[in-house]
Structures are given as structure tokens and as C-alpha cells.
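Enquirer: below are the sequence and a predicted model; questions follow.
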Amino acid sequence: MSRGTRAFVPVLAAALALAACSRAPEEAREPPAERVENPELGIAIADLPDDFRLAGAGSSTIELELIEGEGRIEIAAGEPETGINLVAAVEEHKSSILERPGGDYKGGRELQVVHLPGAAFYSRGRFENAAGVLTEETVVFLIHPWEDRQLRVTYTYPAGDDSASRLQDQLFPVVEELEGLEELEPPDEADTPES
């Protein structure tokens, strides 16, 4: 290598390093929202919170599970009805908890959910599951966006001293992301096979 080439290599390396440092940093891009929809249920989760992944979706439910740790959320809608009584649903949940082995009802209260119609309530209790493990269940009762049925968001997890953070950091963010989908039209009679 000639003397001129040896002097050029460090200068070139310094120039490349300076150019790399002077570039504007690329903007951090957030991953796109993971949307979960269930047209038959008439519900979508606009942006699935990072703590959860989709575990299953049937015609009447959406099921989520924690990515780290234990916990499962089931979102289900009731049958169409008039005069939806969420307070009665809370009382039914209380009775259900107290009838289970080791049942200990922890209480319920009204929630402010501004993006869905009507009032909302949550109800929480503990019981021993079939394996004898102390389990906590919290249910949020809402009026479905179609306004003709009840919507239940049930979160089941091992009982511990972390109930407040499970509600604030895990369950309520899922509820905040719920939105209604347009009601499916019944099939046209001309499209159905004759009996």
C-alpha cells in the first residue's frame, strides 16, 4: 500500500463515520394495531392490548389469553331481549360465585364506559376451580352496541394480591377497545335452499 493510500484510508473511515452520525435517526414506527373482529358476535377489539393474544373465536365468543402469565378473557353476547337488567346480571354472578367451592364474593360497582351504550357494571369473586386452585373471576356487564342484548367480558385468573392491576392494566384496556360491528343481515329467502 502506498503512503498516499495509507493516509486516505483513515480519512475515508472518518468521513463514513461522520456521515452515519449526521443522518437523521429513523422515526420509530409503532406496529400496526391488531384488530380482532367477530361479525356473528357483532363485536371488534379495535386494538388488541399487547398483554393478550387471540386464543379463539367462535360464533358467539372471542377468547383472549395472556401472553405472559395466566389469565383468560372471554367476550360473549346474550340472546336478544328487551329491558336488559345489568344489576340483575351482577346479582346472578354473585350467586354463582357463592355457590362454588370456597366462593367469596368481592363486590361489584358501576363503571363509566362512554363509548358503548348505557351503563356498565363489574362484579368480582373468588372460588376454587376443579383442580382446587384459588381462582378469581371478574365480569364486566355491558349493553351490546346493537342495544338489544347483554355483553359479558369475563376475566379469569389465579387469585392473588394483584387484582387492582389486573383490572386497571389488563381487563379495562380490553373493554376500552371494544366496538360494535354492523348487524349481519339475515340471508335472503331467495338465497336459501328450499326444503
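Expert: Received, thanks.

Enquirer: make it CA atoms for all contacts and neighbour counts henceforth
Expert: Noted.

Enquirer: point me to the residue sitting closest to the centre of this protein.
Expert: Most central residue of the chain, judged by C-alpha distance to the mean C-alpha position with C-alpha atoms, centre = their mean, is V174 at 3.2 Å.

Enquirer: with adjacent residues omitted, what lies nearest to that residue?
Expert: The shortest distance from V174 to any residue that is not its chain neighbour, by C-alpha to C-alpha, 6 or more residues apart in numbering, is 6.5 Å, and that residue is P49.

Enquirer: tell me how far R35 lies from E176.
Expert: The span separating R35 from E176 equals 13 Å under the rule C-alpha to C-alpha, to the nearest Å.

Enquirer: neighbour-wise, which of these two wins?
Expert: With neighbours defined as other C-alpha atoms under 10 Å, R35 and E176 compare such that E176 has more, 16 against 12.

Enquirer: contacting residues around that one?
Expert: Contacts of E176 were listed using C-alpha atoms under 8 Å, 6 or more residues apart in numbering, and they are V113, H115.

Enquirer: for the residue nearest to A33 when sequence neighbours are not counted, give me its contacts.
Expert: Nearest non-adjacent residue to A33, counting by C-alpha to C-alpha, 6+ apart: D47, 5.1 Å away. Shown here is D47, whose contacts under the criterion C-alpha under 8 Å, 6+ apart are A33, E34, R35, V36, E177.

Enquirer: kindly report the same for I97.
Expert: Contact analysis of I97 by C-alpha under 8 Å, 6+ apart lists G103, D104, Y105, G125, R126, F127.

Enquirer: who does the host helix or strand of the third one pair up with?
Expert: Looking back up the chat, that one is Y105. Element membership of Y105, judged by DSSP states H and E, is strand 104-111. Using DSSP bridges, the neighbouring strands of strand 104-111 in the sheet come out as strand 120-128 (antiparallel).
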